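S.K.: A structural model of the following input is requested.
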Amino acid sequence: MIRRISFLALIIIASGMQVLVAQPGERLTPLWSNPVLQQKIPSAPASSKTILSLPFVEDFSSGLFYPDPLRWSDALAYVNFHYAVRPPSVGVATLDALDRSGAVYPTATAFPFPADTLTSQPITLAANNQADSLFFSFLYQPEGFGNAPERDDSLLLEFWSEALQSWVHRWSDRGRSLEAFAATYGSNWRMVVLEVDSALFFSPSFRFRFRNFASITDASLPDWGGNVDMWHLDYIVLSTERSITDTLIHNDLAFRDYPKSMLAKYHAMPWNQYLANAAGEMITSPDDIRVPYSVYYYNTTNPVLQNFTVKSTTGGTSYTPPPYSFGNLVMPVDTFVKPNPNVPLAGFTFSAPSQPYADFEITAAISPFSSSEAIRTNDTVSFYQKFYNYYAYDDGSAEAGYGVSSSNPNATLQVALQFSLNVPDTLRAVQICFNQVKDQANKERFTLAVWNTTSGNPGDTLYTEADLFPVFEPGINWYHTYKLTRPVPVSGSFWVGWQQKSGTMLNVGYDRNRNAKSYLRYNIGNGWDSSLFAGALMIRPVLGDTNEAWVNIPKPKPLAGVRLYPNPAGPVLYVEGATPGEVFRLEFYNGQGQLLKVAEAAGSTSTDGLPEGFYAVRVYRPDTGALVGTHKLIIANGGHGNY
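M.R.: Numbering: from 1, shown residues only. All right, here's what the predicted structure looks like:
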C-alpha cells in the first residue's frame, strides 16, 4: 500500500510504485480499480468435471483475465500479460487488493486484510506416497510494474488435508519492493520447491491455494490508487520424481514476451503519416527485432525450429519466410526469435493497397522438441501493427495513473505530450484514458490544449477548450474521445495535453511497459520540465478527415457459402465451402490473440490440441493466401487440449 506522506521534495523508488510521487511536481500512483475485469465479470466458476491427475502444470498462457475454470475453482486472481517484469513465460496470475469485479474489496482497510485467493480444482493423490518424490514448485514476484506489497502484507500457500478437513499452512513471504526482492534473491523471480511428503495430503481430492493479505492507501487521499500490494505467480508445477534441489521449471519451450511494434517510435500511427516516411519510421536494424523465449530443458542439446512472420490482414505486403533451425542450444538457455537470416528483412516496409488504413499481424513461433511437451500455448505469440488514424505511444494497458500538483493554489498546471508529423495534417479529436478513483475524486475541471513546438518544448497555443471533465469509459478500449470544436491544422511537431487550476491529480492512464518519457513535459508554473517517470502517457491524437478514432478496422465478413459447424464444436469441426472438396487453411486464435493451431481442411478437421473456450478462426485460401473470413467459434468437450 501507499502510506500518507508529507512531501517537501521529490521521492522516487526506481523499481516501482512504492512511493512514486512528487509534490509539487509529477505524481504516479497505482490504479484504483481494474476496468477490464469490471467489464468481464464471470459467472460462478464451473464445478470440476473430473478430478485432475498428475502432473499439474500451469503457466497462465492459455487464458486471459481469469484462471482457467477447468483447473481452478475460483476467479479472484487476475490473469494478464502486462503487470509482471520479465516473466518466465507469457501470462501470470496476479493477486492484489481487487475483487473478481475489478473493484477494491469492500472489507479493505489500511491494515492487512485477506484479499485474493487462487484455489486449484481437486487433484488425485490417492495412489501416491512418500516414495514418489512428489514436489510442488512455483515462481513468484512482488510488485512487478504494479505496486509493492508492504512488509506487513504477505503471500501464503496452503494445502488441503482431507484427513483434517482443513487448510494447512505450507509457505509464506512478507511484502517488499521488487528492488529489495531482487537484491535479496539475485533475480526478479524466485522459485520455491516444497516436498509433499505427509500422509495428510495423499487423498483423492488434494487441493492447494495461494492467498494474499493486502492493505489499501489512506482514504484521505482519494485521488490515489487502490490496486495495490501485487504478487505475480508463474509456472506452478506438482509432479513426481523430483528433488528439493530441483531448479527445473518444467520441460518446456516458452515465449517470455510478445512481439513489439516494428516502428522505432510509436506503438501505432496514422497510415498516411507512415507512408510519407515509411523507411524513416521503421526500427533501424532488423537485429533489433527480437522476441525473447526460454528453453527449459536440461541435459539436452537440440536445435530449435523457429519463425518470424509479418502478414497483412488488409491485402498488403507480407514477410513469410519458412521456419529455420537455430543452433544446437545447450539447455537451459534464454534466447530470441529473430527474422530468418536466410531471408533478410533489411529494407522491409509496410505497404497495402490504396486505402486510409492498414493492419499487419506480426507472429513469432517456436516448435517443441516433442509432441508430449506439456504446454503448447506459450509457443506462438502475435502482435497487431495498426495503422489507423491516431498516434499512440502506449499499448492500451494502464499500470499506473499520472498527474501533476503544486503547492501554489494560483498556479496553472500543464501537461503536454509531443507527436511528430511527416506531412501536414488536421487534428480532429484527442483520446484520453482517465483512471477511475475512489468517489470519482479526480473528476475536476480541466482545459484541453494543443501547442506547436518552440526550442524542443510546447510553444504557442494552437487550441484550447475549457470546462471539460474526465469521462470514464468502460471496457478494454477505455479512452474517451474529446472531439474538437474546430479542426486544427498541424505540421512538424505538436503537443497535446491539458491545463488545470485545481491541485487534484487527474489520474491519466500510464503504460509502464512502453517508454516515451522523452516526449512528455509538465509545467507547474516555473517553466517546462521533462518527465522523470519511464512509461507512456495514454493520450492519443486523432487526425485526418474524421473525429472518430478507428479503434478496430472492420474484418472481412465470412464468404458466402463458407461455414464452420457445429458451433459449439466437438472433436471434429466441419468446413463447408461453396464448392465440394474445396480446401481452406484455418488459423485458430484464442481470446488474447495467440495462434494455437493451423490446419488445412477439405470438409473437416480435428480440434485435437485445443482447450475448451472461445476462438476466432481465420479462414484462408491456401493457394493465394487471401483471407476469406473470420468466424467466432466455441470449442467444448472435444479439443482434448493438453493444457
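
S.K.: With just CA atoms, put the longest helix anywhere in the chain into PDB.
M.R.: Assignment by DSSP state H gives helix 178-185 as the longest helix of the chain. Taking Å, rounded to 0.1, in the frame of the first residue of the first chain, the C-alpha atoms of helix 178-185 are listed here in PDB:
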ATOM      1  CA  LEU A 178      10.900  -5.700  -6.400                       C
ATOM      2  CA  GLU A 179      14.200  -3.900  -6.000                       C
ATOM      3  CA  ALA A 180      14.600  -5.300  -2.400                       C
ATOM      4  CA  PHE A 181      13.400  -8.700  -3.600                       C
ATOM      5  CA  ALA A 182      15.900  -8.800  -6.400                       C
ATOM      6  CA  ALA A 183      18.700  -7.700  -4.100                       C
ATOM      7  CA  THR A 184      17.900 -10.500  -1.700                       C
ATOM      8  CA  TYR A 185      17.500 -13.400  -4.200                       C
END
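
S.K.: helices or strands next to that helix in the packing?
M.R.: The contact analysis (3 or more Cβ pairs under 8 Å, 6 or more residues apart in numbering; DSSP states H and E) places helix 178-185 against strand 135-142. C-beta coordinates here come from the backbone N, C-alpha and C atoms, glycine included.

S.K.: What angle do helix 178-185 and the strand it packs on make with each other?
M.R.: Orientation note: strand 135-142 sits at an angle of 140 degrees relative to helix 178-185 (axes from the mean of the first three to the mean of the last three Cα atoms, to 10 degrees).

S.K.: So which elements touch the following helix or strand past strand 135-142?
M.R.: Using DSSP states H and E, the helix or strand that directly follows strand 135-142 along the chain is strand 154-161. When contacts are defined as 3+ Cβ pairs under 8 Å, 6+ apart, strand 154-161 sits against strand 135-142, strand 166-174, strand 208-214.

S.K.: Could I get the buried residue list for the longest helix of the chain?
M.R.: Judged by neighbour count using 16 or more other Cβ atoms under 10 Å, the buried positions of helix 178-185 are L178, E179, A180, F181, A182.

S.K.: tally of neighbours for the residue lying closest to S285 once chain neighbours are set aside?
M.R.: Nearest in space to S285, with sequence neighbours left out and distances taken as Cβ to Cβ, 6 or more residues apart in numbering, is A346 at 7.9 Å. When neighbours are counted by other Cβ atoms under 10 Å, A346 registers 8.

S.K.: what's the answer for the one 3 residues further on, then?
M.R.: By the measure other Cβ under 10 Å, the count of residues near T349 is 14.

S.K.: just to revisit the earlier point, dump the helices and strands packed on strand 154-161 into TSV; add mean pLDDT, mean neighbour count and distance to N567 as well.
M.R.: Formatted as TSV, those follow (pLDDT from 0 to 100; neighbours: other Cβ atoms under 10 Å; distance: least, Cβ to Cβ, whole Å):
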stretch	mean pLDDT	mean neighbour count	distance to N567
strand 135-142	97	23	37
strand 166-174	98	14	41
strand 208-214	97	24	35
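
S.K.: For S120, which of the ones you listed is the nearest?
M.R.: strand 208-214 (5.2 Å; Cβ to Cβ).

S.K.: Contacts made by that closest one with the rest, please.
M.R.: The contact list for strand 208-214 (Cβ atoms under 8 Å, 6 or more residues apart in numbering) reads 1, 77, 95-97, 105, 108, 112-120, 136, 149, 152-160, 167, 170, 228-229, 231, 233, 238.

S.K.: for stretch 342-362, same thing?
M.R.: Contact partners of stretch 342-362, identified using Cβ under 8 Å, 6+ apart, comprise 259, 262, 271-272, 274, 278-279, 282, 285-286, 289, 308-319, 321-322, 324, 339, 382-389, 544, 550, 553.

S.K.: quick one on the thing from earlier: could you dump the helices and strands packed on strand 154-161 to JSON lines with distance to K483?
M.R.: Formatted as JSON lines, these follow (distance: least, Cβ to Cβ, whole Å):
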{"stretch": "strand 135-142", "distance to K483": "42"}
{"stretch": "strand 166-174", "distance to K483": "49"}
{"stretch": "strand 208-214", "distance to K483": "40"}
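
S.K.: wait, which of those strands is closest to D460?
M.R.: Proximity to D460, assessed across those by Cβ to Cβ, is greatest for strand 135-142 (46.4 Å).

S.K.: Can you tell me the strand partners of that closest one and which way each runs?
M.R.: Here strand 135-142 has these sheet partners by DSSP bridges: strand 190-195 (antiparallel), strand 231-239 (antiparallel).

S.K.: Quick check: which of those strands is buried the most?
M.R.: Of all the strands paired with strand 135-142, strand 231-239 has the most neighbours on average by mean count of other Cβ atoms under 10 Å, namely a mean of 25.

S.K.: Mind checking what helix or strand follows that one in sequence?
M.R.: Moving toward the C-terminus from strand 231-239, the next helix or strand (DSSP H and E) is strand 252-255.

S.K.: I'd guessed P323 sits against S367; true?
M.R.: Yes - using Cβ atoms under 8 Å, P323 makes contact with S367 at a distance of 6.9 Å.

S.K.: which neighbours do those two share?
M.R.: Shared contacts of P323 and S367, defined by Cβ under 8 Å, 6+ apart, comprise L305, Q306.

S.K.: Do a quick rundown of the strands in the stretch 351-500 of the chain.
M.R.: In the stretch 351-500 of the chain, the strands defined using DSSP state E, counting those that start in this stretch lie at 358-367, 380-387, 400-405, 413-420, 425-432, 446-454, 457-468, 480-490, 493-500.

S.K.: mind putting the ones you listed in a markdown table, mean pLDDT included?
M.R.: A markdown table is the format used below for these (pLDDT from 0 to 100):
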| stretch | mean pLDDT |
| --- | --- |
| strand 358-367 | 91 |
| strand 380-387 | 91 |
| strand 400-405 | 91 |
| strand 413-420 | 98 |
| strand 425-432 | 96 |
| strand 446-454 | 98 |
| strand 457-468 | 97 |
| strand 480-490 | 96 |
| strand 493-500 | 98 |
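
S.K.: Of all the ones you listed, which one is nearest R540?
M.R.: Comparing the strands of the stretch 351-500 of the chain by Cβ to Cβ, strand 425-432 comes nearest, at 4.1 Å.

S.K.: Show me what the closest one packs onto, helices and strands only.
M.R.: Judged by 3+ Cβ pairs under 8 Å, 6+ apart, strand 425-432 is in contact with strand 446-454, strand 480-490, strand 493-500, strand 539-543.

S.K.: Quick check: which of those is nearest to L253?
M.R.: When the helices and strands packed on strand 425-432 are compared by Cβ to Cβ, strand 539-543 sits nearest L253, at 35.9 Å.

S.K.: which regions of the stretch 201-350 of the chain sit below the pLDDT cut-off?
M.R.: Applying pLDDT under 70 to the stretch 201-350 of the chain flags the ranges 217-226, 248, 298-301, 327-332.

S.K.: what does the model give G396 for pLDDT?
M.R.: What the model reports for G396 is a pLDDT of 88.

S.K.: Tell me how many other residues surround it.
M.R.: G396: 19 surrounding residues under other Cβ under 10 Å.

S.K.: again, but for the one 10 residues further on
M.R.: Residue neighbour count, defined by other Cβ under 10 Å, stands at 19 for S406.

S.K.: Same question for F145.
M.R.: Each residue near F145 was counted by other Cβ under 10 Å, and the total is 21.

S.K.: quick one on the thing from earlier: could you flag which of the contacts of strand 208-214 are buried?
M.R.: Using 16+ other Cβ under 10 Å as the burial test, these include 1, 77, 95-97, 105, 108, 112-113, 115-120, 136, 149, 153-160, 167, 170, 228-229, 231, 233, 238 as buried.

S.K.: Could you measure from L543 over to W271?
M.R.: The gap separating L543 from W271 is 11 Å, by Cβ to Cβ, to the nearest Å.

S.K.: count of neighbours near the closest residue to K265 other than its chain neighbours?
M.R.: Excluding the flanking residues, the one nearest K265 by Cβ to Cβ, 6+ apart is E281, at 7.0 Å. Residues contacting E281 under the criterion other Cβ under 10 Å number 20.

S.K.: The one 10 residues further on too?
M.R.: Neighbour count for V291, taken as other Cβ under 10 Å: 22.
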